[in-house]
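K.L.:
need a structure here:
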Amino acid sequence: MAKLTKPEAKAHAQAIEMLVKERLTEDEKEFVFRNWHEGANHINGSAGAFFTPYDMAFDFSFDVGGHRVIDLCAGIGMLSYAVHYRSRFGERTADITCIERNPDYVAVGKKLLPEATWIQADVLDVLDMGLGQFDYAISNPPFGNIKRERNAPRYSGRNFEFHIIDIAAHLANYGVFIVPQGSAGFNYSGRQFYERQKDGKAVKFQELTGLHFDAGVGVDTAFYRDEWKGVSPLCEIVSVDFAEARQMAPAVIAPAISAANDNAPHQPLDLFSFAGAA
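P.N.:
Alright, predicted model coming up:
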């Protein structure tokens, strides 16, 4: 558990008091999102559970469209709330499904975004749930080498964010993710100009899966670096067109996938066999 400062502990306690109410106002929801501390009662470091800063989530939402949206590793629903809030000004409100394994996070999320469908489950089990196809998959997943019970269909390496992107490719037509800059395939945030990465794990993952990581609307996340709780990651918002990748992928790519896997042996599935998709 994190050691909260006195102001953080006081604000977290106020957020808990608000969550007792049957219904929260929009102002109260914002207060909870900004001040309910994920490290107050959980060892979030080992789980990689660090919630997206409030204002950054709303910038993130500009890259998300469509009607059916799935939030993988949803936490208390910060990204989903931003997407839901913005979608209310469109033709129809987004239909959002949130996947989160921590029951405490799910309980808070249901209070903050009752409009979503909340499923308490391991994200690596989602392809077995028969949830159908989504327009968009979104996620601020745990970064790096996070303990897990199984692998994504095509990737068995140690970077958890790539497991999530692989799973999302089997669920949605498009994806938007928050990942470490080193896993983004490009450098934009905190830089004077945009540049593609020429080598490294993200380049390798894209080459072997046929996916292309894009900067979307181009949010400089370095602006929010001091607004995370307990960490200050340099990250990027990555957009991926899964539908285009499915159309452009070469017919035989599966043999090359094993080169991306750097831990336990893994037999890759056919690149675009969609387990659990309707």
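
K.L.:
For the strand or helix carrying Ala82, enumerate the helices and strands it packs against.
P.N.:
Under the criterion of DSSP states H and E, Ala82 resides in helix 78-87. Packing partners of helix 78-87 (3 or more Cβ pairs under 8 Å, 6 or more residues apart in numbering; DSSP states H and E): helix 26-35, helix 54-60, strand 68-72, strand 95-100, strand 134-139. To be clear about C-beta, it is placed using only N, CA and C from the backbone, and glycine gets the same treatment.

K.L.:
Between those, which one is closest to Val108.
P.N.:
Nearest of the helices and strands packed on helix 78-87 to Val108, taken as Cβ to Cβ: helix 26-35 at 7.3 Å.

K.L.:
in that closest one, what's buried?
P.N.:
By 16 or more other Cβ atoms under 10 Å, the buried positions in helix 26-35 come out as 28-29, 31-35.

K.L.:
ok so, going back, tell me what angle the helix holding Ala82 forms with helix 26-35.
P.N.:
150 degrees (axes from the mean of the first three to the mean of the last three Cα atoms, to 10 degrees).

K.L.:
What about the nearest residue to Asp55 once chain neighbours are set aside, how many residues nearby?
P.N.:
Using Cβ to Cβ, 6 or more residues apart in numbering and skipping the chain neighbours, the partner closest in space to Asp55 is Tyr224 (6.4 Å). Using other Cβ atoms under 10 Å, Tyr224 has 20 other residues around it.

K.L.:
ok, Tyr224 - contacts?
P.N.:
53, 55-56 (Cβ atoms under 8 Å, 6 or more residues apart in numbering).

K.L.:
Turn those residues into JSON lines, columns for neighbour count, distance to Arg158 and pLDDT.
P.N.:
Shown next, in JSON lines, are the contacts of Tyr224 (neighbours: other Cβ atoms under 10 Å; distance: Cβ to Cβ, whole Å; pLDDT from 0 to 100):
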{"residue": "Pro53", "neighbour count": "22", "distance to Arg158": "26", "pLDDT": "97"}
{"residue": "Asp55", "neighbour count": "13", "distance to Arg158": "31", "pLDDT": "98"}
{"residue": "Met56", "neighbour count": "23", "distance to Arg158": "26", "pLDDT": "98"}
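
K.L.:
Assign Val179 to helix, strand or coil.
P.N.:
Classification of Val179 using DSSP: H, G, I helix; E, B strand; the rest coil returns strand.

K.L.:
how about the residue nearest to it when sequence neighbours are not counted, secondary structure?
P.N.:
Leaving aside its sequence neighbours, Val179 sits nearest to Glu161 (Cβ to Cβ, 6+ apart; 4.6 Å). On the three-state scheme (three-state DSSP), Glu161 is labelled helix.

K.L.:
show me the contacts for Leu124.
P.N.:
Contacts of Leu124 by Cβ under 8 Å, 6+ apart are 148-152, 163, 167.

K.L.:
mind running it again at 7 Å?
P.N.:
148-150, 152, 163 (Cβ atoms under 7 Å, 6 or more residues apart in numbering).

K.L.:
How about Asp166?
P.N.:
152-155.

K.L.:
how about those, which pair is most distant?
P.N.:
Pro153 and Tyr155 (7.7 Å).

K.L.:
Which one's more surrounded, these two?
P.N.:
Of the pair Pro153 and Tyr155, Tyr155 is the one with more neighbours under other Cβ under 10 Å, namely 25 against 22.
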